[in-house]
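**Student:** model this:
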Amino acid sequence: MDDDMPEECFSELKTGNLGLWGVAQIAAGSGLAVYAMWVGILQPGFRKVPLKLQVPYIPASKVQVDNVMRLLSGRKGGFVDLGSGDGRIVLEAHQRGFTPSVGYELNPWLVRLARFHAWRAGHQGKVSYRREDLWKVDLTKCKNVTVFLAPSVLSLLQEKLQNELPDDALVVAGRFPFPDWKPFKIEGQGVDRAWAYSVQAQRQHIFKKNNTLTSR
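**Tutor:** The predicted model follows:
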């Protein structure tokens, strides 16, 4: 997975042909100029995406990542991050023992940046970053899922998760909660907050709700 990353990145660094994107990579890696990078470089990657489904690139903080991992404590198996951005959550999940760890991201520049980070951390080939539309990803075998997405996207994503994920799947949302789901655990405060959801519990809740409506 991502076997071409070292040569690709190293050749650019060695020849000095980094250009504007190379500068942006360095800025992103140090947490600088995030907004400028979104407007000038990353946003064009979403021009074909409906406005309500666009999610500005805002890297997860270390506190946010730690909160997500606490909610996944005790879990094992595969891990998927929908809208994986620069890949830091996928990388952390791999380091915590989740295998395979996969990130799905539509913006090609962010996929490239995520692969660069994995290579730099020495985990190239051990994690996977795929440029795919999250709405087309098959989630039927996913057991551990994380999302850092806007409320407008989460409200639409609920149905896909409910229809595709197995009963024993766990979903963790960062920054914003799912509008119609009830979390069983919450970590952190303010913008660092993360919510954990049991897919089986959500299905049971919907089943009871539908039964109540039909019995009236």
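**Student:** so how far is N144 from R203?
**Tutor:** Distance, R203 to N144, using C-beta to C-beta, to the nearest Å: 17 Å. In this view, the C-beta of every residue, glycine as well, is placed from N, C-alpha and C.
**Student:** between these two, point out the one with more neighbours.
**Tutor:** More neighbours surround N144 than the other of R203 and N144, with 21 against 14 (other C-beta atoms under 10 Å).
**Student:** relative to A93, how far out is the residue lying closest to D133 once chain neighbours are set aside?
**Tutor:** Leaving aside its chain neighbours, D133 sits nearest to L106 (5.6 Å; criterion: C-beta to C-beta, 6 or more residues apart in numbering). Remark: distance between L106 and A93 (C-beta to C-beta) = 20 Å.
**Student:** more neighbours: which of those two?
**Tutor:** A93 (27 against 22).
**Student:** could I get the average pLDDT for the strand or helix carrying that one?
**Tutor:** Using DSSP states H and E, A93 sits in helix 88-95. Helix 88-95 shows a mean pLDDT of 97 in the predicted model.
**Student:** what's the first helix or strand after it?
**Tutor:** Counting by DSSP H and E, the next helix or strand C-terminal to helix 88-95 is strand 101-104.
**Student:** mind listing the strands for this protein?
**Tutor:** 79-82, 101-104, 128-130, 144-147, 170-174, 185-187, 194-198 (DSSP state E).
**Student:** and the ones you listed: which comes nearest G122?
**Tutor:** The closest of those to G122 is strand 101-104. By C-beta to C-beta, the value is 14.6 Å.
**Student:** strand partners of the closest one, parallel vs antiparallel please.
**Tutor:** Sheet pairing of strand 101-104 (DSSP bridges) gives strand 79-82 (parallel), strand 128-130 (parallel).
**Student:** quick one: the ones you listed as a markdown table, columns for mean neighbour count too.
**Tutor:** Below are those laid out as a markdown table (neighbours: other C-beta atoms under 10 Å):
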| stretch | mean neighbour count |
| --- | --- |
| strand 79-82 | 27 |
| strand 128-130 | 22 |
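**Student:** any chance of those strands in TSV, with distance to P100 and mean pLDDT too?
**Tutor:** Shown next, in TSV, are these (distance: least, C-beta to C-beta, whole Å; pLDDT from 0 to 100):
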stretch	distance to P100	mean pLDDT
strand 79-82	7	98
strand 128-130	6	97
